[in-house]
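Asker: Got a predicted structure plus its sequence, pasted below:
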Amino acid sequence: MIEINKLEKCFGDTQVLTSIDLRVNRGELVFVIGPSGSGKSTMLRCCNRLEEPTSGSILLDGEHVTDCRGRALDRMRLKIGMVFQGFHLYPHKSVLANVMLAQVKALKRSRSEAEARAMEMLDHVGLAHKASAMPSELSGGQQQRVAIARALALDPKVMLFDEPTSALDPELVGSVLKVMKQLRDEGMTMVVVSHEMNFAREAADRVVFMDGGVVVEVGTPEEIFGNPKSERLRAFLSRLQPSGA
Amino acid sequence: MSNFIDLFFNLDIMGQAWPLLFKGLIITLKLCAVVIGLGVVGGLLLALGALSPRRWLKWPAVGFIDLFRALPPLVLLIFVYSGLPFAGLDLSPFMAVVIAFFLNNSAYFAEVFRAGIQSVPKGQTEAARATGLGAAQTLIQVVLPQAVRNVLPDLLSNTVEVVKLTSLASVVSLSELLYSANMARSVTYNSSPLVLAALIYLAILWPLVRLISRYQRGIAVH
Ligand SMILES: Nc1ncnc2c1ncn2[C@@H]1O[C@H](COP(=O)(O)OP(=O)(O)OP(=O)(O)O)[C@@H](O)[C@H]1O
Ligand SMILES: [Mg+2]
């Protein structure tokens, strides 16, 4: 489904990603962990070209994401949903308008079709009753679920999540994770950067550990959390949970 | 005292001068509409140029903005009106005023739009582009509405400045409101037409000025 080959990214003189190779299969949930500054966000952002890779290639269903330009890139991005740490809902538009905008303007759906789809997606994330609210009237967890609905309404082939719960109060994290779990169960292909290790254990098919811009270790949650091979991963996990739990 | 009222608030003379002042007012309003319209469009394009990563766009736009913000509008006006004919360009007073004030005003609008666009968080653009919206769609649907809302008081202030600026056009004998009032004054040997002109300016601008302070208070409260 997604194929990342020899991805490199430099910001000026500093190399942030070094020869990243990663394959994500259809319907798989790949979880990405790693210390701050290890390049997790940069890798995710290269997948929809919010960041321009320095070299290497990324393919989605055999199509080159890295070669697209202009309108072709816009069309490619429709197939790649992204959810940000900071939600980034459009504050001047209602919840419904947020979910409709790209459907109408980028996917060229009719307004009625887009509205029907938007309501369906809002219902899916449990927020149909907030359709006419403004984003500022919602809690962080609700805003993030709207952001998920906004991405889903475009029928993407894959969803990228960059720390979707890191900006949320602890009591609101669960509602967002529940929606993500539900998505996974429906067979959505997902790449999730997050610090929610319990969620990784429960929901991830594979876990990728990045450090210093390289993929250090890949494995099932049991392998990564139960039997970490590399010293760096062991150090990372022990820093995360000093109790060793 | 009655002498004072006679000289400044003479209703008879105001009544006589009114048709002339009304014609002047129409020209002032036309001038405002054209200069503000062009200024907003030009300012927006200049702001986009100034924010562009492309140097061949950015550099000329920034140069234009700096130059015409620094030049006094009256200097610009006299230069366009009296200087350009030497270059073989004969302009009507109206066109000269439009060109001079467009140069000045678009530079000011550009600064306001630039600040507005920069006030919109980068995440907004990223979210829009990530959903497949193009650069122009992102600008129109997502960035500009927020940018304009963030700098609305400044946009309105700029509009007020344009209305005031148009009175300078009397220097090149364009018979706008102030010029007409001054004509009427010199014919009647009475200052009441000027007072009437001032009242008309006040009637146009006072609501705008009120609106601006309302917005600014609103922002301060938030
Ligand atoms: N636009 C940029 N310009 C220069 N350097 C950048 C830029 N974006 C990221 N970096 C650098 O690239 C490195 C990787 O950043 P990235 O955001 O991908 O890390 P991360 O793993 O997502 O970290 P975190 O867990 O803190 O989000 C960091 O050292 C960061 O300083
Ligand atoms: Mg990050």
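Answerer: Thanks, I have the structure now. Residues are numbered from 1 along each chain as shown, chains lettered A, B, ... in the order given. Ligands and ions are numbered 1, 2, ... in the order given.

Asker: Which pLDDT value goes with the residue sitting nearest the centre point of chain A?
Answerer: The residue lying closest to the centre of chain A (CA atoms, centre = their mean) is residue A:161, at 1.7 Å. On pLDDT, residue A:161 comes in at 97.

Asker: From ligand 1, how far off is it?
Answerer: As judged by CB to the nearest ligand atom, to the nearest Å, residue A:161 and ligand 1 stand 12 Å apart. C-betas here are computed from N, CA, C, even on glycine.

Asker: helix, strand or coil for that residue?
Answerer: strand (DSSP: H, G, I helix; E, B strand; the rest coil).

Asker: mean confidence score for the helix or strand harbouring residue B:63?
Answerer: Using DSSP states H and E, residue B:63 sits in helix B:55-70. The average pLDDT within helix B:55-70 is 95.

Asker: Check stretch B:114-132 too.
Answerer: The average pLDDT within stretch B:114-132 is 96.

Asker: Now do the SS call for the residue nearest to residue B:149 when sequence neighbours are not counted.
Answerer: Leaving aside its sequence neighbours, residue B:149 sits nearest to residue A:92 (CB to CB, 6 or more residues apart in numbering or on different chains; 6.7 Å). Following three-state DSSP, we place residue A:92 in the coil state.

Asker: Can you get me a residue count around residue A:92?
Answerer: Neighbour count for residue A:92, taken as other CB atoms under 10 Å in any protein chain shown: 17.

Asker: ok, now residue B:150?
Answerer: Counted with other CB under 10 Å, residues neighbouring residue B:150 total 17.

Asker: residue contacts, it?
Answerer: By CB atoms under 8 Å, 6 or more residues apart in numbering or on different chains, the contact set of residue B:150 is B:116, B:119, B:120.

Asker: most neighbours, which of those residues?
Answerer: Scoring those on neighbours with other CB under 10 Å, the highest-scoring entry is residue B:116 at 22 neighbours.

Asker: Please give the element, helix or strand, for it.
Answerer: Assigned by DSSP H and E, residue B:116 falls in helix B:93-118.

Asker: quick one: is that helix near chain A?
Answerer: No - using CB under 8 Å from any CB of the partner chain, we find that helix B:93-118 stays clear of chain A, coming within 12.9 Å at best.

Asker: List the buried residues in the very next helix or strand once past that helix.
Answerer: Of the helices and strands lying after helix B:93-118 in sequence (DSSP H and E), the nearest is helix B:122-130. Neighbour-count burial for helix B:122-130, counted by 16 or more other CB atoms under 10 Å in any protein chain shown, picks out B:124, B:125, B:126, B:127, B:128, B:129, B:130.

Asker: I'd like to know how far the closest residue to residue A:225 other than its chain neighbours sits from chain B.
Answerer: Leaving out its chain neighbours, the residue that sits closest to residue A:225 by CB to CB, 6+ apart is residue A:201, at 6.3 Å. According to CB to the nearest CB, to the nearest Å, residue A:201 stands 28 Å off from chain B.

Asker: Run through the neighbouring helices and strands of the helix or strand hosting residue A:201.
Answerer: Taking DSSP H and E as the criterion, residue A:201 maps to helix A:197-203. Secondary structure elements in contact with helix A:197-203, counted by 3 or more CB pairs under 8 Å, 6 or more residues apart in numbering or on different chains; DSSP states H and E, are strand A:29-33, helix A:170-185.

Asker: okay, the last one in PDB with CA atoms only?
Answerer: In this case it means helix A:170-185. The C-alpha coordinates for helix A:170-185 follow below in PDB (Å, rounded to 0.1, in the frame of the first residue of the first chain):
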ATOM      1  CA  PRO A 170      -5.900  13.200  29.600                       C
ATOM      2  CA  GLU A 171      -9.600  12.700  30.100                       C
ATOM      3  CA  LEU A 172     -10.200  13.500  26.400                       C
ATOM      4  CA  VAL A 173      -7.600  11.200  24.900                       C
ATOM      5  CA  GLY A 174      -9.900   8.100  25.100                       C
ATOM      6  CA  SER A 175     -12.600   9.400  22.800                       C
ATOM      7  CA  VAL A 176     -10.100  10.000  20.000                       C
ATOM      8  CA  LEU A 177      -8.400   6.700  20.500                       C
ATOM      9  CA  LYS A 178     -11.800   5.000  20.400                       C
ATOM     10  CA  VAL A 179     -12.500   6.500  17.000                       C
ATOM     11  CA  MET A 180      -9.000   5.400  15.700                       C
ATOM     12  CA  LYS A 181      -9.600   1.900  17.000                       C
ATOM     13  CA  GLN A 182     -12.900   1.800  15.200                       C
ATOM     14  CA  LEU A 183     -11.200   2.900  12.000                       C
ATOM     15  CA  ARG A 184      -8.700   0.200  12.300                       C
ATOM     16  CA  ASP A 185     -11.400  -2.400  12.800                       C
END
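
Asker: which parts of that helix are buried?
Answerer: Within helix A:170-185, the residues that count as buried by 16+ other CB under 10 Å are A:172, A:173, A:175, A:176, A:177, A:179, A:180, A:183, A:184.

Asker: Tell me which helix or strand residue A:113 sits in.
Answerer: Per DSSP H and E, residue A:113 falls inside helix A:111-124.
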